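Asker: Just a sequence and a predicted model for now, questions to come.
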Amino acid sequence: MVAGTPQSSWSGGQQVSERRNGRELKTAIRARTDALREELLALSRRIHAHPETAFQEFRAAAWCVDVLREHGFTVAAPAYGLTTAFEASLGSGPTTVALACEYDSLPGMGHACGHNLIAAAGVGAALALAPYVDELGLTVRVLGTPAEESGAGKALLLDAGAFDGVDAAMMIHPCPFEVADFRSFAMGSLDVTYTGKSAHAAMNPQDGRNAADALTVAQVALGLLRQQLPGEWKVHGIAVEAGTALNAIPERARAAYALRTPSVEELRELRERVENCFRAGALATGCEVDLVQPSPDYLDFRSDPELVALWTANARELGRPEPQLRGPFASTDMGNVSHVVPSIHPVLDIGSGTSGPHQPEFTAAAATPAAEQAMLEGAVGLAWTAADFALGRKG
């Protein structure tokens, strides 16, 4: 059992799985997933081979939609005001389960976070449940959720009503280890632009105002600030622009930063302190600074104990590795959903060894047989968990 999960919830999951016809239903769901194997592998491989970044996932979304439509789902695409989002639904039962499909990639790295596997698992779970929605009293809602890596697509979808009426939301995520009770950092984004004044670097540098120096001052201030930050508070970023010619004083510099804390409440304090460091760079160099939050904050993920217990029992039945208990190690816009809808976001070991997401090695790992097997088992686990949840609500 995952530490921190009440024994009563886990026992409840056991009882649900043993109800009348429950075992036969799970056997049928797994057999259906096995029958869909080649279709799901083809979807995952296609998305992996054609990476698309945030809000540009036109092909990935269309490929998911095509599969769902072919299997009888009612599809709206685009959906909720986002051109690469979709909603596919089947069933009319009183319990609504949302399956989130991510499919954006990382710039320059391809699918180094394995979102091809996430999309295929979500689609696979929905297809596996499709023949049994009436028996379960279930409505299945598949949501294509763009821009998880940057842009907080799920936060935008949440505000637009995509998760209205949902009783449980779930997805899986690949990793080099197994976690059932997933926890994440809250994360905020910050775009910084300094505007100075150009001048010849040798003839009249005194007339210039160096925007690149402003960014350097800010980065030094951030380095010093880190000494006074709690250990779980993270500040990291990149310089996007810092001049175009070495013999011209840079009149413009830009940076993109991310801020992470265990909770959204702490994030507000960290943002103020970090922004002051960037203001200091402007003050020291006589430049102007523009601070912009380009996307909504990613909230910390809060797993639902009942769903975690159901997932854990099902993952064990599937022979998945024993889950680890880990503190926050990443951020996701699924955290925003978890603050409103009971949610799970289990992490599946895809056999990548020490290579974690957001590295080129993980891009290759996300297309291996081990990763694809984890995806297929993830689809079964999600479908079983949704079925257990629906049967439990039927009483």
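Answerer: Noted; the coordinates are in hand. The shown structure was predicted, so the numbers you read here are calculated from the model rather than taken from an experiment.
Asker: For my notes, confirm residue 291 occurs in a strand.
Answerer: Yes: when DSSP: H, G, I helix; E, B strand; the rest coil is applied, residue 291 is found to be in a strand.
Asker: Could you find the closest non-adjacent residue to it?
Answerer: Nearest residue to residue 291, sequence neighbours excluded (Cβ to Cβ, 6 or more residues apart in numbering): residue 275, at 5.5 Å. Heads up, the C-betas are built off the backbone N, CA and C, glycines and all.
Asker: which SSE is the one you found in?
Answerer: Secondary structure assigned from DSSP states H and E places residue 275 in helix 264-285.
Asker: average pLDDT across that helix?
Answerer: The pLDDT scores in helix 264-285 average 97.
Asker: Could you list the alpha-carbon positions for that helix in PDB?
Answerer: Extracted in PDB, the C-alpha atoms of helix 264-285 (Å, rounded to 0.1, in the frame of the first residue of the first chain):
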ATOM      1  CA  VAL A 264       0.700  27.800  -4.800                       C
ATOM      2  CA  GLU A 265       0.600  29.900  -1.700                       C
ATOM      3  CA  GLU A 266       4.400  29.800  -1.400                       C
ATOM      4  CA  LEU A 267       4.700  30.600  -5.100                       C
ATOM      5  CA  ARG A 268       3.200  34.000  -4.600                       C
ATOM      6  CA  GLU A 269       5.900  35.000  -2.200                       C
ATOM      7  CA  LEU A 270       8.700  33.600  -4.400                       C
ATOM      8  CA  ARG A 271       7.400  35.500  -7.400                       C
ATOM      9  CA  GLU A 272       7.600  38.800  -5.600                       C
ATOM     10  CA  ARG A 273      11.200  38.200  -4.500                       C
ATOM     11  CA  VAL A 274      12.300  37.000  -7.900                       C
ATOM     12  CA  GLU A 275      10.700  40.000  -9.700                       C
ATOM     13  CA  ASN A 276      12.600  42.300  -7.300                       C
ATOM     14  CA  CYS A 277      15.800  40.800  -8.500                       C
ATOM     15  CA  PHE A 278      14.900  41.700 -12.100                       C
ATOM     16  CA  ARG A 279      13.900  45.200 -11.000                       C
ATOM     17  CA  ALA A 280      17.300  45.500  -9.400                       C
ATOM     18  CA  GLY A 281      19.000  44.800 -12.700                       C
ATOM     19  CA  ALA A 282      17.100  47.700 -14.300                       C
ATOM     20  CA  LEU A 283      17.800  50.100 -11.500                       C
ATOM     21  CA  ALA A 284      21.500  49.300 -11.500                       C
ATOM     22  CA  THR A 285      21.900  49.900 -15.300                       C
END
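Asker: What residues of that helix count as buried?
Answerer: For helix 264-285, burial by neighbour count (16 or more other Cβ atoms under 10 Å) applies to 264, 266-267, 270-271, 273-275, 277-282, 285.
Asker: out of those residues, who's nearest residue 166?
Answerer: Distance to residue 166, by Cβ to Cβ, is smallest for residue 264 among the buried residues of helix 264-285, at 20.9 Å.
Asker: Pretty sure the closest one sits against residue 187.
Answerer: No: in this structure residue 264 lies outside contact range of residue 187 using Cβ atoms under 8 Å: 9.3 Å.
Asker: what touches both of those two?
Answerer: residue 297 (Cβ atoms under 8 Å, 6 or more residues apart in numbering).
Asker: all strands in the chain, in order from the N-terminus.
Answerer: Here the chain has its strands, by DSSP state E, at 74-76, 86-90, 95-101, 138-144, 168-170, 173-175, 186-195, 234-242, 252-261, 288-292, 343-344, 347-349.
Asker: Which strands or helices does the fifth one pack on?
Answerer: The elements that strand 168-170 packs onto, with contact taken as 3 or more Cβ pairs under 8 Å, 6 or more residues apart in numbering; DSSP states H and E, are strand 95-101, helix 305-317, helix 334-338, strand 343-344, helix 369-394.
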